[in-house]
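# below: sequence and its predicted model.
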Amino acid sequence: MKNGIIFDNVSFAHKNGLFQLENINLYIPRGIFCGITGINGSGKTTLTLLINGLIPHQIRGTLKGNVYLDNVNTKEKPVSYFAKSVGMIFQNPDFMLFNLTVKEEIEFGLKNLKLNNHNLRIKEALKIINLSGYENRDPQTLSFGQKQKICLAAVLAQDSDYIVLDEPTAMLDYQSTVDLYKLLKSLNQQGKTIIVVEHDTDFLNEYTDQTIVLNQGRIALKGKTKAVLSETKKLEQIGIKIPRLEL
Ligand SMILES: Nc1ncnc2c1ncn2[C@@H]1O[C@H](COP(=O)(O)OP(=O)(O)O)[C@@H](O)[C@H]1O
Ligand SMILES: [Mg+2]
């Protein structure tokens, strides 16, 4: 099998919920910059939770089919097995920040993964996100965007191969969004696989290689971003913003 993320005919129904992802077949190669879009409730977050085994190991429901991460079936290993390779940045950073200082926050993951060189890793990660010297700050005193960056720094410090971000720009202003995408692009060019859930198709158009469009739990479109986003009729039917034409 191929390296990367494979969804092999995956269906998932949340426990007690009517919602299900249905017949998801995907191949997300290593090293790619991949966007996921779709209206609220279309299943984007559920899809991301399948990548590192949070579904089915921590979130209950009925799962059919298989998800493979670099040829390992996520059903067959605990979530901890995928923790180093997949860094998840959830939509709300407050759910992830619970330590007293930025340093402890980032170090928490490093300790769990039994990695060494903590101080150097933390320093370099903070430098990349432009928050050098923030080690001793209380995360709760930072802005939303800065909190999100700390979550990203935690993922960078552990040097994850895959970085999954769930609507990271939903609460960011335009310039912060541009800055984040530029950073993600440069991480991608350094070999990281980036998967980003995004409503703004202009950013997908500009930065991503591939795009997946979800609609009511199914894949409506997938493939090269330019090709997917040129299906304007279909996007409009689904309720997705049509990207501006390139000038
Ligand atoms: N833990 C859960 N239990 C039951 N149903 C859920 C749960 N999480 C999400 N859902 C259902 O799945 C649907 C899709 O959710 P989600 O994947 O979060 O969509 P999106 O991220 O595209 O907005 C939601 O409308 C909700 O009804
Ligand atoms: Mg979501």
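That came in fine, so what should we check first? Numbers count the residues shown, from 1 in each chain. Ligands and ions are numbered 1, 2, ... in the order given.
# from the contact counts, what lies against the longest helix along the chain?
Among the segments of the chain that qualify as a helix by DSSP state H, the longest is helix 174-189. Helices and strands touching helix 174-189, by 3 or more Cβ pairs under 8 Å, 6 or more residues apart in numbering; DSSP states H and E, are strand 33-37, helix 144-157, strand 162-166, strand 193-197, helix 201-207. Heads up, the C-betas are built off the backbone N, CA and C, glycines and all.
# most tightly surrounded among those?
strand 33-37 (a mean of 26; mean count of other Cβ atoms under 10 Å).
# tell me which helix or strand comes right after it.
Remark: after strand 33-37, the chain's next helix or strand is helix 44-51, criterion DSSP states H and E.
# between strand 162-166 and that next one, find me the angle.
160 degrees (axes from the mean of the first three to the mean of the last three Cα atoms, to 10 degrees).
# now the protein against ligand 2: closest residue?
residue 45 (3.2 Å; Cβ to the ion).
# surely that residue meets residue 170?
No - counting by Cβ atoms under 8 Å, residue 45 does not reach residue 170; the two are 11.8 Å apart.
# which neighbours do these two share?
residue 91 (Cβ atoms under 8 Å, 6 or more residues apart in numbering).
# closest to the centroid, which residue in the chain?
residue 164 (1.8 Å; Cα atoms, centre = their mean).
# beta partners of it?
The bridge-partner assignment for residue 164, based on DSSP bridges, gives residue 88, residue 195.
# quick check: the gap between it and ligand 1.
12 Å (Cβ to the nearest ligand atom, to the nearest Å).
# and that residue, what is it in contact with?
So residue 164 contacts 48, 51, 52, 86, 87, 88, 89, 195, 196 (Cβ under 8 Å, 6+ apart).
# could you do residue 36 as well?
By Cβ under 8 Å, 6+ apart, residue 36 lies in contact with 44, 47, 48, 195, 196, 197, 198, 211, 212, 214.
# state the pLDDT value of it.
If you check residue 36, the pLDDT there is 98.
# beta-bridge partners for it, please?
The partner residues for residue 36, given DSSP bridges, come to residue 197, residue 212.
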